[in-house]
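1. No letters, just coordinates:
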């Protein structure tokens with residue numbers, strides 16, 4: 001089903017939703033798109049390709065950061081746009097390694113800075129996601145502030161001064177978007 005056959009709607013108190021404009025059959029694929037951003041979890045690094053996510057025992061390591069691994073040249077080439085800036089950040093913070101959520105938030109920041117329209121944003125853009133800051137306890141907000149500070153340190157190799165970023169790129173707010181933003185899959 002094309003994005004045009006789906007419509008967005010607001011559900012008060014619950015956020016936004018999607019519904020079909022036509023009848024659908026059980027098991028019918030409604031929509032497919034590449035994720036806006038994703039990372040391989042720290043536990044799976046080295047066991048799956050950073051681009052296609054296939055398990056492989058004979059992966060080729062990025063010669064620069066020595067962290068990212070790929071099935072081969074084609075996967076590495078396809079992933080380069082997303083990995084290029086991350087690569088510098090990973091090299092810069094060695095021997096430390098950021099949490100998965102910080103790596104993912106970093107990829108989101110880089111994608112937002114490139115201002116490319118991603119296919120996955122046809123139905124919802126990153127800016128459409130609502131912050132849930134008001135539902136968070138002060139303890140949770142403190143934890144997210146810590147993650148935002150960690151993100152700032154992680155991105156230092158590429159973004160020296162976060163105050164010069166567009167207002168839409170707020171490190172703290174990136175972590176307050178709903179689970180859709182920072183989702184992890186096994």
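-> That came through, no problem. Source: prediction; values computed, not measured.

2. which element follows the lowest-mean-pLDDT helix or strand in the chain toward the C-terminus?
-> Sorting the helices and strands of the chain by mean pLDDT, DSSP states H and E puts strand 15-20 at the bottom, at a mean of 81. The element immediately downstream of strand 15-20 (helix or strand, assigned by DSSP states H and E) is strand 60-61.

3. What helices and strands are in contact with that following strand?
-> Applying 3 or more C-beta pairs under 8 Å, 6 or more residues apart in numbering; DSSP states H and E, one finds that strand 60-61 makes contact with strand 69-70. To be clear about C-beta, it is placed using only N, CA and C from the backbone, and glycine gets the same treatment.

4. Identify the residues contacting the following helix or strand past the strand it packs on?
-> Using DSSP H and E, the helix or strand that follows strand 69-70 in sequence is helix 73-93. Under the contact criterion C-beta atoms under 8 Å, 6 or more residues apart in numbering, helix 73-93 has outside partners 37, 49-52, 60, 62, 64-65, 67-68, 70, 97, 103, 106-107, 110-111, 114, 153-158.

5. Can you give me every residue that contacts the residue nearest in space to the middle of the chain?
-> Ranked by distance to the mean C-alpha position of the chain (C-alpha atoms, centre = their mean), the top residue is residue 37 at 3.1 Å. By C-beta under 8 Å, 6+ apart, the contact set of residue 37 is 82, 104, 107-108, 111.

6. Which one of these sits in the busiest neighbourhood?
-> When neighbours are counted by other C-beta atoms under 10 Å, residue 104 leads those with 23 neighbours.

7. hang on, that one in a helix?
-> Yes - counting by DSSP: H, G, I helix; E, B strand; the rest coil, residue 104 falls inside a helix.

8. Check what pLDDT it gets.
-> Here the pLDDT value assigned to residue 104 is 94.

9. hang on, it packs against residue 39?
-> Yes - here residue 104 reaches residue 39: they are 4.8 Å apart, a contact under C-beta atoms under 8 Å.

10. before we move on, back to that, put the buried members of the contacts of helix 73-93 into a PyMOL selection.
-> The PyMOL selection below is limited to those of these classed as buried (16 or more other C-beta atoms under 10 Å):
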select buried, resi 37+49+50+51+62+65+67+68+70+103+106+107+110+111+154+155+157+158
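
11. Identify each buried residue in the host helix or strand of residue 153, please.
-> Here residue 153, judged by DSSP H and E, is contained in helix 138-154. The neighbour-count check on helix 138-154 (16+ other C-beta under 10 Å) flags 144, 147-148, 150-151, 154 as buried.

12. Make TSV from those residues and add pLDDT and distance to residue 135 to it.
-> TSV is the format used below for the buried residues of helix 138-154 (pLDDT from 0 to 100; distance: C-beta to C-beta, whole Å):
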residue	pLDDT	distance to residue 135
144	91	12
147	93	17
148	92	18
150	94	22
151	94	21
154	95	26
